[in-house]
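K.L.:
Give the three-dimensional model of this entry:
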Amino acid sequence: MFRSFAFVIPLTLISGSALAQEFPVTLEHVWGSTTIEAEPLRVVTWGWGNEDAVIALGVVPVGIPFQSYGGGDNGIQPWFETALEKLGASAPTVMSNSGEPPFEQIAALNPDLIIAAFSGVTEDQYALLSGIAPTVAYSGDAYSSSWQDIARTVGKALGKSDEAEALVADTEGWLADEFAKHPVLSEISFASANDYDGSIAVYAPLDSRIRFLTDLGLKLNPSVAALAPADGQYFYPLSYELFDKLEGDIFVTYYEEQSALDAWLATPQAKSYPPIINGGLAALVGTEQVAAVSPPSVLSLRWGFPTYLDVLVDAATNVAKR
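P.N.:
Predicted structure coming up:
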């Protein structure tokens, strides 16, 4: 059963009382470096979760992408809507999100900063965006940065590095406290995957969902890395003939609807899978719930982690009782 909880944003951090950061600031990223000459006043975000870090630091973007996954009809995810309400702010322009950035829409918003720190913008797209306003692209691989790194990157770009550090520390402390209430989670290993197109799609060690769980203190079963290809992908296909080679005390999976999960659980593959037979199914169900933690943001965690934690604890407890 899912617990009820209050969605909390640290208002002292949102309002921000730290000393103002001096500009200009320069941020390094995959396509070079970006210098921001003065405190940005009109921020556009592109990608996933960037807007969460911006508003968590007290700045309301003027434009955000339509988030079809967990965003409902208006494309705005519930934790972002709650943050808008707490700030008494109107919703930003929600831009079309059909693939590449909508350059004309972005230019029409007259931004002085574009943040795509968690995205997959190409070098050509970055060049076009940079022609509109200073643009901060991702570091490392596309869609790979942790929620902590995104918060810090956004904080530096906004002139709020101190507030970002405090927000990260506060969130990490809260997560650690919640995890510590359930020592059973430190006693088990896990694997994570979803049924996809006739095979199983396994989330690899580099995937941000996996990194979030291992950062919390869960142990990724060695079989996940052992079965992974050598090319460093974030997920990899595994035939159902090898499904039982994917080991773990609990099996973490994500489904938009309960009916889809029930249909998969009725298949011979799921019925014969040892972690499920042993009661170790940790299935997070519901588009908004899945969107809040895969991958998480500094804002969505406060909204979605309590339910996610319940799912993990229930599965771990079932296994421990056997």
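K.L.:
going forward, measure contacts and count neighbours with C-alpha atoms only.
P.N.:
Fine.
K.L.:
which stretches of this protein form strands?
P.N.:
With DSSP state E as the definition, the chain shows strands at residue ranges 25-29, 32-36, 43-45, 63-65, 93-95, 113-115, 135-136, 189-196, 199-203, 219-220, 235-238, 250-255, 281-285.
K.L.:
buried sites along the second one?
P.N.:
It refers to strand 32-36. 34, 36 (16 or more other Cα atoms under 10 Å).
K.L.:
The fourth one too?
P.N.:
For strand 63-65, burial by neighbour count (16+ other Cα under 10 Å) applies to 63-65.
K.L.:
which ones are touching the closest residue to residue 255 other than its chain neighbours?
P.N.:
Excluding the flanking residues, the one nearest residue 255 by Cα to Cα, 6 or more residues apart in numbering is residue 285, at 4.8 Å. When contacts are counted by Cα atoms under 8 Å, 6 or more residues apart in numbering, residue 285 touches 254-258.
K.L.:
Low-confidence stretches in this structure?
P.N.:
By pLDDT under 70, the weakly predicted segments of the chain are 1-20.
K.L.:
quick one, domains of it?
P.N.:
Domain segmentation of the chain under automatic domain parsing yields 11-175, 183-321.
K.L.:
Run through the bridge partners of the closest residue to residue 156 other than its chain neighbours.
P.N.:
In space, and not counting its chain neighbours, residue 156 is closest to residue 25: 7.4 Å by Cα to Cα, 6+ apart. For residue 25, the beta-bridge partners are residue 36 (DSSP bridges).
K.L.:
tell me the contacts of residue 25?
P.N.:
Residue 25 touches 35-37, 156-157, counting by Cα under 8 Å, 6+ apart.
K.L.:
Quick check: the farthest pair among the residues you listed?
P.N.:
The span of the contacts of residue 25, defined through Cα to Cα, is set by 37 and 156 at 12.2 Å.
K.L.:
Mind checking which of the two has more residues around it?
P.N.:
residue 156 (22 against 14; other Cα atoms under 10 Å).
K.L.:
Alright, I will stop here.
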